[in-house]
Structures are given as C-alpha cells and as structure tokens.
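Student: build the 3D model from these lines:
(4 chains)
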There are 2 protein chains.
Amino acid sequence: MNKNIFSQIYGDYTQRIETGLLKTGVKLPSEHEIAEEYGTSRETVRKALHLLSQNGYIHKIRGKGSFVLDMNRMEFPISGLVSFKELSERLGRTVRTLVHETACVPCPRNVARQLQIAEQEPIWKVVRAREIEGEKVILDKDYFLASVIPELTEEIASQSIYAYLEGQLSLKIAYAKKEISVEQVSDEDKRLLDLARDTHIVVVRNYVHLEDTTLFQYTESRHRLDKFQFVDFARRVQAEE
Amino acid sequence: MNKNIFSQIYGDYTQRIETGLLKTGVKLPSEHEIAEEYGTSRETVRKALHLLSQNGYIHKIRGKGSFVLDMNRMEFPISGLVSFKELSERLGRTVRTLVHETACVPCPRNVARQLQIAEQEPIWKVVRAREIEGEKVILDKDYFLASVIPELTEEIASQSIYAYLEGQLSLKIAYAKKEISVEQVSDEDKRLLDLARDTHIVVVRNYVHLEDTTLFQYTESRHRLDKFQFVDFARRVQAEE
DNA sequence: GAGTGGTCTAGACCACAAA
DNA sequence: TTGTGGTCTAGACCACTCT
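Tutor: Below you'll find the predicted structure:
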C-alpha cells in the first residue's frame, strides 16, 4: 500500500482496468466525483489520471470525460524499464536462466567507452542466456560498476539482479536509455543461443542510471529475430508555434 | 508562441538544452526561483519541469535540484510519435520519398482486421518508399479511414501527410501504439527497396488514434535491417507495496 | 537551519461538449 | 445551462541534502 493519495488512486484504477473490471470505452467518474470519493482535491486526482493517461490506460477528452483504452496490455515485452524477471512473471511463461559468467574483471576498452569510465576499472560482468519454452533465444550481457555493487554471486544472477540491487543494496534506479538495432550474429551468439542459420540478431543496448544520475550499468540484450517484439505507447506532442 | 505558461517554460528550457546553452550536468534554478522569474506559481513551474523530466531533458533530485541530462538527443529515429518528414528535417539528411500508390480502395481483409472495421469499407491506401542517401531503405504502407479523410493526392503523399491532416483538415492526432518485430522479406519489399540478399526486415506496425479515440490509421513501416534504429528513454516505476 | 523538490489543498477561471 | 477536463494560484507541510 502506498501512502500517497494519487498513487493510491492510480493503483486502484490500473488494477480495475487490468482485471477487466473496467472495460474498454467505459467512462470514468468525473475528476470532481473521484476527488469527493477519495476525500481529496481535484488536482491530486488529476495527477493520478495524468499518469494513467501517460501509460496508455485511459484517454481524457475535454468536456466529455476520461475513457478506458484498449491497449492489449498483456503483451508488453521490453517497453519501459522492467527487468526480464518481472516480465516473465507478468507473462507467466516457462522461462529459465542459464548463467555463463559472473565475475569481477578489469573493464575492457569497448565496455569502458559505453560506461564512460577508465579502462581496467573493476566491473562486474554477467553473461546469461534466457530460455523461453525450451529454446535459448536471448543473450544478456550485463556490466555493472564494481564501485557501486560490492558483491554479486551466480545465485543472484540466476534470480533477479534488479531485485537484489533494489531490495538488498537499496540502490535507486532512476532512468535508462535504450537503443535497438539489428546486427550480425557473433561467435558468442552462435555458441550460447539456439540460432539455426540466422545471420542477424536484434541488439538492445541499455544504459541504466541511478537516482544521482551516475551511469552504473550497461547491458547488451541480444534477441533472436523471430522472438523479438517491442511494444510502445506514445502520445502526440501537439506542434507549437 | 504558446499561451500556456507551463509550455512556455518547457519550450524555453528544451531550446536552451538542445542548443547547448545549458550543458549536461548543469543545475537549473530552483522551482521557487523559476516561479518568481516567470511571475507564476510553483505548481505551474513543476508541471513544466515534470515534462522535461519525462522527456529525458532533466533529472530532478529531492533536496538537491534539477540537472540537465546527456541523452545524445540528436539521434532519435522513431521514438515517440513523430512523422518521417519531421524526423528527416530534424536530422538534416538527404531524403527522398517515392510514392508508388495513392488510392481509395475497398479495405482488404488483413487491413480490416488491423483497423477494426468491416471489409470493403473504403480506405485510402498509400505506399511510399523512402530513400536515404541514395538508397531505398524504408517502405511505408499507410491505410486511412476514408470516412475521416475525404481527399488525398499523390502531391500530399509526397510531402507530409501529417502536416496535411493536422494543418488542412485540423484532425487532432492523440496517441498511437507501436509494435516492432522482425519478419521475412516480402516480394513487394524486394521489388520496391534496395535489399541485396537480405532475408529479413524490421516491421513497425503503428496504430494511430484521434482525439475522440477512433482508430483512423494503420501503418506498416518496413525498414532494412542495417538502417533500422530505435531509441527510447524510460523512467523506472518504483515498485509499490 | 536553510534550501531543495514532493505532495496536497481549496479555491478560481477557462474551453469545450451535450442537452 | 450544466458538466466536463485544462490551467493556474497562493499558500501549506513534508522528506531530503548540505553546511
């Protein structure tokens, strides 16, 4: 339970929409009514509804009201900033993680450039293959600043690293930049994934920052072409003049 | 010039950050100071700063202040909801559009399913190849509800359809859902693009909605593997309990 | 303790939609 | 005319950082 009123309202409505209690096209109560219901002010309600709108749950129309959207929310592969573990659980798929490497090593040149640190600086390197429905289709190569993460075990890598970072170490992950492109398969891809005759692979580069803006993680997530999907929700920014 | 105070503030800061007047890591004035400067209230300033934060321009830290982020903003291919024309102009690349078809036709079955309308209902079909630096690398297949768009010419299709929709027809585009996947190349791809020996192609499916939530456009944007890139900025949603 | 951002209030006026 | 969402105000209190 969150103590903020607006996130209480947000949570209530996301739940009602996700469980189908509020169906596509249904009109929400007016902001005034919701404010009364929660015993709060209209601006606080608006904060919650704005969040729902940003995340594709509802659409607000001036003079009319707020309406539930149909966004097929069940299939959200890597949109936003969510870990593989969180996604798997949400999707309820049969997944397995194979940890190939968990080591603290001096940073190689190519990774040093991505993390914007000096070469040789100690970093944690984690290489994991993700198996979905019996096929190894994703190769995750993570690099973490050792100055931020004192310890990392294969045990943790096989579970959820993010749960460890946020739970045990109470690191605050703030934002990330993601780049998606398609590249030639590497020897490592061929060795660790079930690729058949694929020549290309989808590469998702992820640059993750903490609350204090330090870039502490660089991840290369390599997806087999046929298993890659990305879904995005975007609102149009009205042109200004 | 926008009449809203908060979008005035937002515009001022995006400009200063994009032009490099405000550099990475620089601390913005406090919310109180900005409010005073613009002769407005703090909540209004906060609205502008929240937008800057959402769009990756700044990061706010409680007790410290707001800081300019470095997001290499210059290379934003298809993030968010922006048209090809707008993008090309922003990137300043040598681009050319080849219009292969602009016709009002009865809706075929597969498109009817995407647009959630009855088969045979009249739609505008536009097929365009995009040439970047002399190579045809993107194939855009657009389908618009004819009930929404009375007229569409090859002239308009060769320029910007969005500028026409928003400018001439004053349609209000509200939001869109985007799906990215990789598929086998089609005969049409081979015919209209410079593909060499490619076997796969990146497909971006775009479902565009108007202010009143009607789904009025379905677009299939097919990108040659080596020319595809997608950049995304995401903020972490703190887990609730 | 002073300064910062985060949440919230109880109003106000406006633009727009529907009856 | 009534109801809706959009913008804005002038405060308040809180949590946090820094000195």
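
Student: three-state assignment of the closest residue to DNA strand C within chain A?
Tutor: DNA strand C sits closest to A:Gly63 of chain A, with a gap of 2.5 Å, by C-beta to the nearest atom of the strand. Just so you know, the C-beta spots here come from the backbone N, C-alpha and C atoms, and that holds for glycine as well. On the three-state scheme (DSSP: H, G, I helix; E, B strand; the rest coil), A:Gly63 is labelled coil.

Student: what is the subsequent helix or strand relative to the lowest-mean-pLDDT helix or strand in chain A?
Tutor: One helix or strand of chain A scores below all others by mean pLDDT, DSSP states H and E: helix A:84-91, with a mean of 61. Counting by DSSP states H and E, the next helix or strand C-terminal to helix A:84-91 is strand A:95-106.

Student: quick one, what contacts A:Thr97?
Tutor: A:Thr97 makes contact with A:Phe84, A:Arg128, A:Ala129, A:Arg130, A:Glu131, A:Ala157, A:Ser158, according to C-beta atoms under 8 Å, 6 or more residues apart in numbering or on different chains.

Student: helix, strand or coil for the third one?
Tutor: So that's A:Ala129. Strictly by three-state DSSP, A:Ala129 counts as strand.

Student: test my guess that A:Val204 contacts A:Lys177.
Tutor: No. Contact criterion C-beta atoms under 8 Å: A:Val204 and A:Lys177 do not qualify, at 11.1 Å.

Student: hey, what's in contact with both of the two?
Tutor: Common neighbours of A:Val204 and A:Lys177 (C-beta under 8 Å, 6+ apart) do not exist.

Student: DNA strand D versus the residue of chain A closest to DNA strand C, what's the distance?
Tutor: 3 Å (C-beta to the nearest atom of the strand, to the nearest Å).

Student: give me the pLDDT for that residue.
Tutor: Here, the pLDDT recorded for A:Gly63 equals 93.

Student: just A:Met1 next, same as before
Tutor: 53.

Student: please apply the same query to A:Gly80.
Tutor: Per-residue confidence (pLDDT) for A:Gly80: 51.

Student: and if you look at A:Glu75?
Tutor: Predicted confidence (pLDDT) for A:Glu75: 52.

Student: what are the ranges of the strands in chain A?
Tutor: A:58-61, A:65-68, A:95-106, A:122-132, A:135-145, A:173-184, A:200-210, A:215-224, A:229-235 (DSSP state E).

Student: the ones you listed into CSV, with extra columns for distance to DNA strand D?
Tutor: Shown next, in CSV, are those (distance: least, C-beta to the nearest atom of the strand, whole Å):
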stretch, distance to DNA strand D
strand A:58-61, 4
strand A:65-68, 4
strand A:95-106, 27
strand A:122-132, 24
strand A:135-145, 19
strand A:173-184, 12
strand A:200-210, 11
strand A:215-224, 16
strand A:229-235, 11
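
Student: worst average pLDDT in those strands?
Tutor: strand A:229-235 - the lowest mean pLDDT of those, at a mean of 81.

Student: could you dump the strands of chain A into CSV with distance to B:Ala103 added?
Tutor: Formatted as CSV, the strands of chain A follow (distance: least, C-beta to C-beta, whole Å):
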stretch, distance to B:Ala103
strand A:58-61, 31
strand A:65-68, 33
strand A:95-106, 46
strand A:122-132, 42
strand A:135-145, 40
strand A:173-184, 32
strand A:200-210, 34
strand A:215-224, 37
strand A:229-235, 28
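
Student: which one, of those, ends up nearest to B:Val105?
Tutor: Closest approach to B:Val105 among these (C-beta to C-beta): strand A:229-235, 27.9 Å.

Student: show me the domain layout of chain A.
Tutor: For chain A, automatic domain parsing gives the domain ranges A:5-68, A:84-227.

Student: so who does the closest residue to A:Gly134 other than its chain neighbours touch?
Tutor: Setting aside the residues directly before and after it, A:Gly134 is nearest to A:Thr94 in space (C-beta to C-beta, 6 or more residues apart in numbering or on different chains), at 7.6 Å. Shown in contact with A:Thr94 (C-beta under 8 Å, 6+ apart): A:Ile132, A:Glu133, A:Gly134.

Student: which of those residues count as buried?
Tutor: Among these, those scoring as buried are A:Ile132 (criterion: 16 or more other C-beta atoms under 10 Å in any protein chain shown).

Student: quick revisit: would you mind telling me which of the strands of chain A is nearest B:Leu51?
Tutor: strand A:229-235 (11.4 Å).

Student: next, the angle strand A:200-210 makes with the closest one.
Tutor: With axes from the mean of the first three to the mean of the last three C-alpha atoms, to 10 degrees defining the directions, strand A:229-235 sits at 50 degrees from strand A:200-210.

Student: on contacts alone, who are the packing partners of strand A:229-235?
Tutor: strand B:173-184 (3 or more C-beta pairs under 8 Å, 6 or more residues apart in numbering or on different chains; DSSP states H and E).

Student: how about residues contacting the strand it packs on?
Tutor: With C-beta under 8 Å, 6+ apart as the criterion, strand B:173-184 contacts A:56, A:59, A:69, A:71-72, A:180, A:182, A:202, A:225-226, A:228-236, B:78, B:81, B:162, B:165-166, B:199-211, B:213, B:225, B:230.

Student: does any bit of that strand sit next to DNA strand C?
Tutor: No. Against DNA strand C, strand B:173-184 shows no contacts by C-beta under 7 Å from any atom of the strand, the least distance being 12.1 Å.

Student: using PDB, list the CA coordinates for that strand.
Tutor: C-alpha atoms of strand B:173-184 as PDB (Å, rounded to 0.1, in the frame of the first residue of the first chain):
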ATOM      1  CA  ILE B 173      -3.900  13.100 -33.500                       C
ATOM      2  CA  ALA B 174      -3.900  11.900 -30.000                       C
ATOM      3  CA  TYR B 175      -2.000   8.700 -29.400                       C
ATOM      4  CA  ALA B 176      -0.600   5.600 -31.000                       C
ATOM      5  CA  LYS B 177       0.500   2.100 -30.300                       C
ATOM      6  CA  LYS B 178       3.700   0.900 -32.000                       C
ATOM      7  CA  GLU B 179       4.800  -2.700 -32.400                       C
ATOM      8  CA  ILE B 180       8.300  -3.600 -33.600                       C
ATOM      9  CA  SER B 181       9.200  -7.100 -34.900                       C
ATOM     10  CA  VAL B 182      11.400  -8.800 -37.500                       C
ATOM     11  CA  GLU B 183       9.800 -10.700 -40.300                       C
ATOM     12  CA  GLN B 184      10.600 -12.400 -43.600                       C
END
